[in-house]
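# Requesting a structural model of the entry that follows:
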Amino acid sequence: MAYEDNRNFYRVLINAQCKIRFDEQEVMGVCKDLSATGMSFALTQQKFPVGTMLEIEIDSQNREIPSFSAQAEVIRPAVERGDEYVIGVKFHKMN
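Down below sits the predicted model:
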């Protein structure tokens with residue numbers, strides 16, 4: 001059976017630092033890809049259960065591109081890749 005990608009939105013592969021806030025804590029991660037409805041990011045010492053709500057912020061390094069922030073929900077279990085966890089989230093609200 002051939003793999004079909006049923007996504008409605010394209011993913012943009014990026015490698016940008018992001019701040020992840022949860023339960024009055026903050027950790028730094030790396031955004032791996034971004035789409036209109038969600039993103040995945042990597043963390044080295046943290047993973048979150050499915051359903052966890054997070055605040056995510058990506059600061060722009062280019063004055064022509066605005067910074068990005070969103071409220072997001074973890075939608076799949078973390079995938080361990082080497083020394084990091086890759087986490088997928090769905091956006092609920094973007095600012």
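# tell me the contacts of Phe48?
Listed by C-beta atoms under 8 Å, 6 or more residues apart in numbering, the contact set of Phe48 reads Phe22, Leu54, Val74, Ala78, Ile87. For every residue, glycine as well, the C-beta is placed using N, CA and C.
# now, the most widely separated pair of those residues?
The most widely separated members of the contacts of Phe48 are Phe22 and Ala78, with 13.5 Å between them, by C-beta to C-beta.
# between those two, which one's more packed in?
Neighbour count, other C-beta atoms under 10 Å: between Phe22 and Ala78, Ala78 has more, with 18 against 15.
# Is that one part of a helix or strand, or is it coil?
Here Ala78 is strand, with the state taken from DSSP: H, G, I helix; E, B strand; the rest coil.
# Please report the distance of it from Thr52.
In this structure, Ala78 and Thr52 are 10 Å apart, going by C-beta to C-beta, to the nearest Å.
# same check, this time on Phe41
Spatial separation of Phe41 from Thr52 under the definition C-beta to C-beta is 13 Å.
# Between the two, which has more neighbouring residues?
In this comparison of Phe41 against Thr52, neighbours counted by other C-beta under 10 Å, the higher total goes to Phe41 at 25 against 15.
# And that one, how far from Asn95?
The span separating Phe41 from Asn95 equals 17 Å under the rule C-beta to C-beta.
# Next up, the contacts around Met53.
For Met53, the residues meeting the contact criterion (C-beta under 8 Å, 6+ apart) are Phe22, Gln71, Ala72, Glu73, His92.
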